[in-house]
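Enquirer: task: produce atomic coordinates for the following.
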Amino acid sequence: SNSGNVDKPMMNIPIKSHQRNRKRNFNNDATAEHATSHRHSNLFTRRRHAADETAFLLAKAISAGVRTIAFCKTRSLVEWVYERTLAILQSDPETSHLTSKVESYRGGYTAEARRSIEERLFQRKLRGVVGTNALELGVDVGGVDLTLHTG
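Expert: Numbering: from 1, shown residues only. So this is what the prediction gives:
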C-alpha cells in the first residue's frame, strides 16, 4: 500500500511491456490493420489515486453546478480530497470563485461547525461537501444531485 507515500509523484504503468507473437486469421485487411495499430497505441496509462480521481470528479461536478457530496472512508481522505478539489478549482480562473462553495465535514469538527456546514448545504449555499459517514447521520441529502464514494 502507498498510503504512507502520498508525496511520491505519479508514475506511468506500462500496459504492454512486450508483444506476444500470435498468429491470427483475419478475414479482411481492415480488421488486421486496426488490430495492428491498436496494439501499439496507449503503451502507457496514467493511473491516479482514487482520492485524486474523486477530487477531479468533484471539481468538475461543482463547476457544472451539480450539488455533490463526496463520501470518504477516513478523516485523512476527507482532507486529501478537499484540498485537491480546492487546488483544481483554484487552478482555473473561471472556477476559482467556487472554492467558497466547497466544505469538508468530518467527526473531528465541533458540533457548531458541523451545524453551520449542514445549514449552508440546506440553504443551497454550498455546491460540494467532502465528508465521512458522520455527514449522513445528520443531513437530509434529498437535495443532492450526485454522491461520490472513495476509500
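Enquirer: which ones are touching the nearest residue to residue 63 once chain neighbours are set aside?
Expert: Using Cβ to Cβ, 6 or more residues apart in numbering and skipping the chain neighbours, the partner closest in space to residue 63 is residue 95 (5.0 Å). All C-beta atoms are positioned from the backbone trio N, CA, C, and that covers glycine. Contact analysis of residue 95 by Cβ atoms under 8 Å, 6 or more residues apart in numbering lists 59, 62, 63, 88, 89.
Enquirer: top of those by neighbour count?
Expert: For the contacts of residue 95, the largest number of neighbours (other Cβ atoms under 10 Å) sits with residue 59, at 26 neighbours.
Enquirer: ok, that one to residue 110 distance?
Expert: 27 Å (Cβ to Cβ, to the nearest Å).
Enquirer: for stretch 82-94, which residues meet the burial criterion?
Expert: Within stretch 82-94, the residues that count as buried by 16 or more other Cβ atoms under 10 Å are 82, 84, 85, 86, 88, 89.
Enquirer: stretch 104-117 now?
Expert: The neighbour-count check on stretch 104-117 (16+ other Cβ under 10 Å) flags 104, 105, 106, 109, 114, 117 as buried.
Enquirer: out of the residues you listed, who's nearest residue 134?
Expert: residue 106 (5.9 Å; Cβ to Cβ).
Enquirer: no further queries at this time; thank you.
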